[in-house]
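[1] quick check, what structure comes out for this input:
(one chain, ligands or ions: 1)
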Amino acid sequence: MNTDGHEHAIEVTGLRRVYGGGFEAVRGITFSVARGEIFALLGTNGAGKTSTVEVLEGLAAPAGGRIRVLGHDPFHERDAVRPRTGVMLQEGGFPAELTVAETARMWAGCTTGARPEHEVLELVGLTGKHGVRVKQLSGGERRRLDLALALLGDPEVLFLDEPTSGLDAEGRRDTWTLVRRLRDAGTTVLLTTHYLEEAEGLADRLAILHEGRIAAYGTPAEVTAGRPSRISFELPDGYFLGDLPPLAALGVCGHENDGKVVRLRTLELQRTATAVLVWAERAGVELRGLDVRPASLEEAFLGIARTGFPPPGRGREQGGEEAA
Ligand SMILES: Nc1ncnc2c1ncn2[C@@H]1O[C@H](COP(=O)(O)OP(=O)(O)OP(=O)(O)O)[C@@H](O)[C@H]1O
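    Predicted coordinates for the structure are as follows:
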């Protein structure tokens, strides 16, 4: 239980969002985010991530369902929620002529109990940029300024909409480190991202949205459980797929072969990989380009994007859609 008497920072039950013209972008989704947790919302383009986050931020009223952020309705009790949350939007839209320090000062003026500006600029690595105009910042530096402003109010809940888009590999890793530090200090973080490795490495739990519904929900390990691993290699000249032992006996559950490169999918990675290597050893051949990949979030995501919803029980135990 937290100080509000609520064990979850965010509770979403049967959320629906319907746009003018009757289009239902979010179709009755249910999930919760525990205090001090990093939760990622993933999904195909147009799946409903931004439509969901806008409701959680109190920017729009839901068409149906029950939403609680820190125990309050974020739309109707905005005054109770807004000072305790930080929001980093996809497009910051700051005045281009202001310097970094001026922008932070202006933002601090609109933030209840703002921390000193230099503190948040230091947190995101913009200390050396105080006097630089916003229009002169690189795309990645602007994202870091967005993040600094979201942190000004020392929020209990932080909403990050694609926080690392436009950042280079180092900037992305710095942001991940910062987000983890915030989580470890007790901040609840809900982020959207298109980078699956970001969600896999950063999120404690996640939901994958597809066409306005939750298609997978749980820890990254829960969501990838039951998804196939992949093994690929080149067949040596003069060898054909039929020269391998029967694929079903190797635990293979699917395969592709374009004549040279063989791609196997398996739910028993160790058994299949061992059998393939033993065969190659006995045949005295080298498997060039040998690549072994355990089931990943990418596999789960692509499976959902390709075929829609997985059968019940595969990473959907706690979330999923509910009638609103
Ligand atoms: N104001 C609006 N009016 C009508 N339809 C809208 C509006 N805003 C969004 N939509 C539609 O709602 C659906 C969900 O959009 P949303 O922006 O929430 O998806 P998303 O998951 O954030 O997508 P992306 O990954 O592409 O940013 C899309 O089909 C989109 O076209």
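
[2] surely L287 touches F233?
    Yes: L287 is within contact range of F233, at 3.9 Å (criterion: Cβ atoms under 8 Å). Where C-beta positions appear, they are placed from N, C-alpha and C, glycine not excepted.

[3] which strand or helix spans G303?
    helix 297-307 (DSSP states H and E).

[4] just to revisit the earlier point, which residues are in contact with each of L287 and F233?
    Shared contacts of L287 and F233, defined by Cβ atoms under 8 Å, 6 or more residues apart in numbering, comprise V276.

[5] picking up where we left off before, got the buried residues for the helix holding G303?
    Within helix 297-307, the residues scored as buried using 16 or more other Cβ atoms under 10 Å are 297, 299-301, 303-304.

[6] mind listing what the closest residue to G254 other than its chain neighbours touches?
    Spatially, and ignoring its direct neighbours in sequence, G254 is nearest to R265 (4.0 Å; Cβ to Cβ, 6 or more residues apart in numbering). With contact set as Cβ under 8 Å, 6+ apart, R265 has these partners: 228-230, 252-255.

[7] hmm, back to that, looking at the helix holding G303 now, give me its mean pLDDT.
    Mean pLDDT, computed over helix 297-307, is 84.

[8] those residues of the stretch 51-200 of the chain touching the ligand, which are they?
    Taking Cβ under 6 Å from any ligand atom as the contact definition, the stretch 51-200 of the chain meets the ligand at S51.

[9] three-state assignment of whichever residue of the stretch 51-200 of the chain sits closest to the ligand?
    Going by Cβ to the nearest ligand atom, the ligand is nearest to S51 of the stretch 51-200 of the chain, at 3.3 Å. What DSSP: H, G, I helix; E, B strand; the rest coil gives for S51 is helix.

[10] how about it, what does it touch?
    Going by Cβ under 8 Å, 6+ apart, the list of residues near S51 reads 17, 25-26, 60, 212.

[11] most neighbours among those, which one?
    Ranked by neighbour count (other Cβ atoms under 10 Å), the contacts of S51 have V26 at the top, with 29 neighbours.

[12] now that residue. Its backbone dihedrals?
    Here the main-chain torsion angles of V26 (degrees, to the nearest 10) amount to phi -130, psi 120.

[13] hey, what's it bridged with?
    Legend: beta-bridge partners of V26 under DSSP bridges are R17.
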